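1. With the sequence up front, the predicted model follows.
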Amino acid sequence: MIWHQQAHGIRVSQYVFVLAVAGFGAIPQQTIAAQVQAYAMFELAPSANASATVEKLRSTSLSNCLQLVIGSHARDVVVHIACDERGADTSFLNQAVLTLSGVDGVSRATIVSLKLGAT
């Protein structure tokens, strides 16, 4: 009798799993926003005030992206940028890098790593 109850429980679990998978597959993929993430290194100009430039990199408003200053060493600042994109279009990330590279005190911007993926 116990074996029969365990087998029934397993069948119910499998049924629930199949329904969950079918329901997830029914969600249109366009509704899932893709996220593009990048690590960028910003080189500061020798004449720049490093702490003011880092604060400006941290506080600059980016349209559809968020940035996080990971750290700095000497005159280099590493920033993580995450943007919600539609499909393979990376226009928000491009705009974010251009905006941050235009901050006073930044002399050069380099994208170190780029990751495309769904959220």
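-> Perfect, thanks for sending it.

2. Please give me every residue in contact with residue 45.
-> Under the criterion of CB atoms under 8 Å, 6 or more residues apart in numbering, the contact list for residue 45 reads 75, 105-107. Every residue, glycine included, has its C-beta placed from N, CA and C.

3. same thing with residue 43?
-> Residue 43 makes contact with 75-76, 106-110, according to CB under 8 Å, 6+ apart.

4. Residue 99 now?
-> In this structure, residue 99 makes contact with 60, 62, judged by CB under 8 Å, 6+ apart.

5. Can you tell me how far it is from residue 93?
-> According to CB to CB, to the nearest Å, residue 99 and residue 93 sit 11 Å apart.

6. How about residue 42?
-> Distance, residue 42 to residue 93, by CB to CB: 15 Å.

7. what residues does the longest strand seen in the chain touch?
-> When secondary structure is assigned using DSSP state E, the longest strand within the chain turns out to be strand 106-118. By CB under 8 Å, 6+ apart, the surrounding residues in contact with strand 106-118 are 32-45, 48, 53, 57, 78, 88, 90, 97, 100-101.

8. Restricting to C-alpha, output stretch 35-46 in CSV.
-> Below are the C-alpha coordinates for stretch 35-46, written out as CSV (Å, rounded to 0.1, in the frame of the first residue of the first chain):
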residue,chain,number,x,y,z
GLN,A,35,20.1,41.6,-20.8
VAL,A,36,23.5,42.7,-22.1
GLN,A,37,26.2,43.0,-19.5
ALA,A,38,29.7,44.5,-20.0
TYR,A,39,32.8,45.3,-17.9
ALA,A,40,34.4,48.5,-19.1
MET,A,41,37.7,50.0,-18.0
PHE,A,42,37.9,53.8,-18.0
GLU,A,43,41.3,55.4,-18.0
LEU,A,44,41.4,58.7,-16.2
ALA,A,45,43.3,61.7,-17.5
PRO,A,46,46.5,62.6,-15.6
